[in-house]
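Chemist: Sequence first, predicted coordinates after that:
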Amino acid sequence: MKGILFALLGGACITLQGVANTRISQDIGTWQAATITQLTGFIIAALIWVFVRDGKLGDFKKVKPLYLAGGGFAAIIIFTEVTAIQQIGVTLTISALLIAQLCLTFIIDINGWFGVVKQKMKMPQFIGLAMMIAGVIILKF
Amino acid sequence: MILFGILLAAIAGAFVSMQTVFNNKVNEQTGSWTTTMLVLFMGFVASLLASLIFEGKNTFTLQHVQLWYWFSGMIGVGVVFCLVQGMRRLGPTYAISIVLTAQLGTALLWDSLGWLGLEKIPFTPAKLIGVLVIIGGILVFKFGGRKETKSESPVAE
């Protein structure tokens, strides 16, 4: 039960993040909004890290530099998401975002890109994606 | 207009997917909070650079900044905490299915109520049906006879 509550709250917060960035972008630029959100998030995460210490900074040396840079995608993600919300609203934005996200994750898994464990294509995943796209079309009616 | 918006959202989704894979690679070598700290630091640096490139000096003219803007980063940290807890208790497939459902539900609620000064988009039964079909698709996708992967990790975007 507690797990379900955490998952629900986590999902709500992901959407809220996009909404908050959109709201902040109304007053200052979208890039600035991204900068503030990421900076304050980093400060809080760093404070938590000081207490939790669940890893050392030296651990990063064991990771390919390319993968360390992944966090930088946030700039593009926030900018495109905020602009999309301004154009087509939250529901359609999150729907299209999730479909693209699951599609690419699926393609990465099938091909074993970036050293992830290869997975076979299965029918249910195609049906699931088709249903999601159908849902977006219904949304627009 | 609509297609342009959908394209932008799809670009965002593609980058979320890649970021998740990359963050996972970092997370394999260290803890969730160490990873989150790095991810948000990189996000900050990239956003600041983009701001300097596209806005120049305007980057630092912050007008009408309300106090809560400085706490917006807490939401992302809350996401990590909730996802770590949710996954630990439910496992990735159940947890992520619920997370995605909650994302869509919150989105529909927000559009319908127009909170935080966002443009209100009136609720219609078709919207609810659309969201329910998408959620159905998510469940088929997630539970449709596929081994659990670690491709979704509890790390901030």
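Modeler: Received, thanks.
Chemist: Mind giving me the packing neighbours of the longest helix seen in chain B?
Modeler: For chain B, the helix with the greatest residue count under DSSP state H is helix B:2-27. Applying 3 or more Cβ pairs under 8 Å, 6 or more residues apart in numbering or on different chains; DSSP states H and E, one finds that helix B:2-27 contacts helix A:65-68, helix A:73-88, helix A:90-111, helix B:32-55. Every residue, glycine included, has its C-beta placed from N, CA and C.
Chemist: how many neighbours does whichever residue of chain A sits closest to chain B have?
Modeler: When scored by Cβ to the nearest Cβ, chain A has A:Pro124 as its residue closest to chain B, at 2.1 Å. Neighbours of A:Pro124 under the rule other Cβ atoms under 10 Å in any protein chain shown: 15.
Chemist: Show the contacting residues for it.
Modeler: B:140-141, B:143-146 (Cβ atoms under 8 Å, 6 or more residues apart in numbering or on different chains).
Chemist: ok, back up a step: closest one to B:Ser112 among the helices and strands packed on helix B:2-27?
Modeler: Closest approach to B:Ser112 among those is made by helix A:90-111 (8.6 Å; Cβ to Cβ).
Chemist: follow-up on the earlier one: please name the nearest non-neighbouring residue to the residue of chain A closest to chain B.
Modeler: B:Gly144 (2.1 Å; Cβ to Cβ, 6 or more residues apart in numbering or on different chains).
Chemist: Could I get the contacting residues of that neighbour?
Modeler: A:122-125, A:127-128.
Chemist: lowest-confidence helix or strand of chain B?
Modeler: Lowest on mean pLDDT, DSSP states H and E among the helices and strands of chain B sits helix B:73-90, with a mean of 88.
Chemist: any idea of the pLDDT on the residue of chain B found nearest chain A?
Modeler: Closest contact between chain B and chain A, by Cβ to the nearest Cβ, is at B:Gly144 (2.1 Å). At B:Gly144, the model reports a pLDDT of 84.
Chemist: Need phi/psi at it.
Modeler: Dihedral angles phi and psi of B:Gly144 (degrees, to the nearest 10) take the values phi -80, psi 80.
Chemist: B:Thr101 reaches A:Gly11, doesn't it?
Modeler: Yes - between B:Thr101 and A:Gly11 there is a contact at 6.7 Å, judged by Cβ atoms under 8 Å.
Chemist: So the two - more neighbours on which side?
Modeler: Neighbours were counted for B:Thr101 and for A:Gly11 using other Cβ under 10 Å; A:Gly11 has more, 28 against 19.
Chemist: hmm, back to that, highest neighbour count among the contacts of B:Gly144?
Modeler: A:Gly128 (25 neighbours).
Chemist: The helix or strand hosting it to helix A:73-88, inter-axis angle?
Modeler: Taking DSSP states H and E as the definition, A:Gly128 sits inside helix A:123-139. Angle, helix A:123-139 to helix A:73-88, by axes from the mean of the first three to the mean of the last three Cα atoms, to 10 degrees: 40 degrees.
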